[in-house]
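**Student:** Fold the stuff below for me.
(chains A and B)
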2 protein chains.
Amino acid sequence: MPITVVGSIAYDAVKTPFGERERMLGGAAVHFALAASFFEEVLVVGPVGDDFGESELEVMRRRGVDVSDVERVSGGKTFFWRGEYGWDLNSRETLDTQLGVFEGFQPKLSARSRESDVLFLANILPDLQLEVRGQLPDARFVALDSMNLWIDIARDQLVKAIESVDCLILNDAELRQLTGKPNLVSAAREILSWGPKVIVAKQGEYGAALVTNEGFFALPAYPMENVIDPTGAGDTFAGGFVGYIAAHPGEVLSDEMLRRAMAHGTALASFNVEEFGTERIERLTGDEIAARVDELHAITRFSGAPLQLRG
Amino acid sequence: MPITVVGSIAYDAVKTPFGERERMLGGAAVHFALAASFFEEVLVVGPVGDDFGESELEVMRRRGVDVSDVERVSGGKTFFWRGEYGWDLNSRETLDTQLGVFEGFQPKLSARSRESDVLFLANILPDLQLEVRGQLPDARFVALDSMNLWIDIARDQLVKAIESVDCLILNDAELRQLTGKPNLVSAAREILSWGPKVIVAKQGEYGAALVTNEGFFALPAYPMENVIDPTGAGDTFAGGFVGYIAAHPGEVLSDEMLRRAMAHGTALASFNVEEFGTERIERLTGDEIAARVDELHAITRFSGAPLQLRG
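**Tutor:** This next block holds a predicted model:
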C-alpha cells in the first residue's frame, strides 16, 4: 500500500566530532521517504525553494519515491537547519533555523497522495497535521511524530492531532513532557487512552520501546562503534517502522507484526547514522537491511533455562 | 559455589517523589548479598559500627547469608548515606555521606571467605579491591564494580584492579569516563584488552548491555509503572548476575550463559525498585524471579519473518 508522508524537505549543515557537511539533503520527510521506500511506494508532500537542486530530487526518485507533490515555491528558500553535536553525540545544539518556504506552508495533496492507505505526519505544526489527516479520512494506518516545541506552544492542537491518529512516534523525553508523567509506561498508557493504538518511544542510542493495549516491547539500538551523524535517525526509524506495516496490508496490527516493524525501523536507523545525512541510505540494499534485522535478533535473544532458586 | 562479597554495609536516608525513609538498611554488599542469596550461599565482608542493629543482620541471615565476616568496629559508626531523587528518578543528589567505620577499613577475610570460588568486589577504594582480590588468587570468577569518584581520584589503581578481574560491571557513563571513549562498544572493547573477559554496562531504566570478545547482548529493563526507590538497583542487578554464574560451576562463561545471567540480574533489579531499600527483596521468592525472567523473555523476543525488500 503506498505511503504518503507530509513534512520537511531541507538542507542541513551539520558538525559532529567526526566531520561536517555545509549543505546536505535532509528533512524529516526525506529521511522517512528513503527508509520507507524499501517497503512500499512513497509519495512526498512538502515545500522547497528555488534553491532546491534537481540532484536532490533525483536522490529520492532513484529510490522510487514519487516527488510530484514536492511543491516548488517560487521566490522562496528551502528550509535550512544548522546544528552541532557534542562529543558523545547524545546532545546537539541548534545553531540556526531558517524556515524559508516552511513558513506559511499549506500542504497541497494531489488526488494520488490522498489515496494512500498509510500516512506519516512528520514533525510539523499540529494544526497542519490535523488538516492533512482530514484529507485521508479512510487511511488504514496513520502515524504522527512531533517535538518539544509544539508541546510547549501548541499542546492543545497537538493533543487533537494525536487523538486523530493510530500511532504516535515520539522521543522518550517528549512522551513524558507531553503527559507530565515521568514514567514511560504510565505516559504511554495515558496517550493510548486518547485514541492511538500504538505508542513508540524513541530512546536514541538505547533503542526504542513499543506500548500497545496488548503489551510492551523494547528493542535496543544496534550497537555501533562508529556513529558519524545521528541527524535523521528518528525519521529513518519511522520510515522503516511505518514502511514495514504498509507492506503487510493483510495483517492486523498485532504485537507480533509491530515488533518486526520495530526491528526493521531499528535496522534502518542504524545504517542512517553510519554516514552523514542520507549518504548511507542512498546506497543501502534490501539484503543489508535483512542481514541487520537478523543481527538484531541475535544480539537480543536469550533462552530462559529453568533454574531451581533458593527460597 | 559460595560467593564472597566485600563492600559497604550502610544505613541510607532516602527521599523519592513517592516517599522517604530516614534510616534503612542499605549498602552495596547488602543489596548484592540479598540478591545473590537466591542462587548460592553468600559471605559478606564489611564493617559496621556499634549502632548497627541485630535486626539488620537478621535480614541477611534469614536469606541464608553468612554474616560472620561482618566486622563490628567498637566505638565506630556505620556508613551513612543520605540522598534525594528527582521527579523522574533518573537523577539523584547526595546530601550527606558519613564514612564512619568505612574510613580506614581494612578487609579481614576469614579462611572460609577466602575459599569462595566467586568474588564480588563492590564499589570501594580500588587499592582495597586489589588487596582482597589477591587473597582469593584461585577464584574462578571475580567481578568488580566502581564509581566515578575513583575514576577521578584513583584511576591508575582502579585500572590495576580491573586488570586483575574477570568481569567489570559499571554504569554506562562511567565506562565512557574511564576510557575517554564516548562510544559504549569502543569503551568496552578497550577494557576487554586490559584483561577482563566480560564487561557489563548498567544503563538504569534502559537496562544493561553485555560486551565480551564473543559478542554483544543488550537487554532492556523490565518496564515498571511504579518505581518507588532505585537505591541499590545496580548492586541487586550484580547480585543476580554474579549469583547466576556462581550457580553454574560446570558451565564455561559462554555468551549463552551470560545472557541468562543478565536476565536474572535484570529481574532482581526490577523487584528492588518496587519498594524502598531492601523491603521488596526481603520477601521475594524464587518463583517470582523465575516468572519475571519469563516476562523479560516475552517482552524482548521478536520473530524475524523474511521479507522481500525493494532494492
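
**Student:** I'd like the distance between A:Ala267 and chain B.
**Tutor:** Distance of A:Ala267 to chain B, given as Cβ to the nearest Cβ, to the nearest Å: 10 Å. Where C-beta positions appear, they are placed from N, C-alpha and C, glycine not excepted.

**Student:** tell me the pLDDT at that residue?
**Tutor:** Note for A:Ala267: predicted pLDDT of 98.

**Student:** number of nearby residues for it?
**Tutor:** Applying other Cβ atoms under 10 Å in any protein chain shown, we find 27 residues neighbouring A:Ala267.

**Student:** could you say which helix or strand contains it?
**Tutor:** Using DSSP states H and E, A:Ala267 sits in helix A:255-272.

**Student:** same thing with A:Ser186?
**Tutor:** Judged by DSSP H and E, A:Ser186 forms part of helix A:184-192.

**Student:** got the phi/psi numbers for the residue most central in space within chain A?
**Tutor:** With distances taken as Cα atoms, centre = their mean, A:Asp235 lies nearest the centre of chain A, 2.5 Å away. Backbone torsions for A:Asp235, taken as degrees, to the nearest 10, come to phi -70, psi -30.

**Student:** quick one: it from chain B, how far?
**Tutor:** From A:Asp235 to chain B the distance is 18 Å (Cβ to the nearest Cβ).

**Student:** Likewise for A:Ala233?
**Tutor:** Using Cβ to the nearest Cβ, A:Ala233 is found at 15 Å from chain B.

**Student:** Verify the assumption that A:Phe241 is located in a strand.
**Tutor:** No: according to DSSP: H, G, I helix; E, B strand; the rest coil, A:Phe241 belongs to no strand; its state is helix.

**Student:** Keeping just the C-alphas, turn the helix holding A:Ala267 into PDB.
**Tutor:** Below are the C-alpha coordinates for helix A:255-272, written out as PDB (Å, rounded to 0.1, in the frame of the first residue of the first chain):
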ATOM      1  CA  ASP A 255       2.100  -7.000  18.600                       C
ATOM      2  CA  GLU A 256       4.000  -9.700  16.600                       C
ATOM      3  CA  MET A 257       3.900  -7.600  13.500                       C
ATOM      4  CA  LEU A 258       4.600  -4.400  15.200                       C
ATOM      5  CA  ARG A 259       7.700  -6.000  16.800                       C
ATOM      6  CA  ARG A 260       9.000  -7.000  13.400                       C
ATOM      7  CA  ALA A 261       8.300  -3.400  12.300                       C
ATOM      8  CA  MET A 262      10.300  -2.100  15.200                       C
ATOM      9  CA  ALA A 263      13.200  -4.300  14.200                       C
ATOM     10  CA  HIS A 264      13.200  -3.000  10.600                       C
ATOM     11  CA  GLY A 265      13.000   0.600  11.800                       C
ATOM     12  CA  THR A 266      15.900   0.000  14.200                       C
ATOM     13  CA  ALA A 267      18.000  -1.600  11.400                       C
ATOM     14  CA  LEU A 268      17.300   1.300   9.100                       C
ATOM     15  CA  ALA A 269      18.200   3.900  11.700                       C
ATOM     16  CA  SER A 270      21.500   2.100  12.400                       C
ATOM     17  CA  PHE A 271      22.600   2.500   8.800                       C
ATOM     18  CA  ASN A 272      21.500   6.100   8.700                       C
END
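
**Student:** on contacts alone, who are the packing partners of that helix?
**Tutor:** Packed against helix A:255-272, as judged by 3 or more Cβ pairs under 8 Å, 6 or more residues apart in numbering or on different chains; DSSP states H and E, are the following elements: helix A:28-36, strand A:208-212, strand A:216-219, helix A:233-246, helix A:279-282, helix A:286-300.

**Student:** Out of these, which one sits most buried?
**Tutor:** Across these, averaging neighbours per residue (mean count of other Cβ atoms under 10 Å in any protein chain shown) puts helix A:28-36 on top, at a mean of 31.

**Student:** ok, residues contacting it?
**Tutor:** Contact partners of helix A:28-36, identified using Cβ atoms under 8 Å, 6 or more residues apart in numbering or on different chains, comprise A:3, A:5-10, A:42, A:44-46, A:59-60, A:63, A:65, A:120, A:122-123, A:145, A:232, A:235-240, A:242-243, A:246, A:265, A:268, A:272, A:278, A:281-282.

**Student:** Below-threshold pLDDT in chain A: ranges please.
**Tutor:** Applying pLDDT under 70 to chain A flags residues A:304-306.
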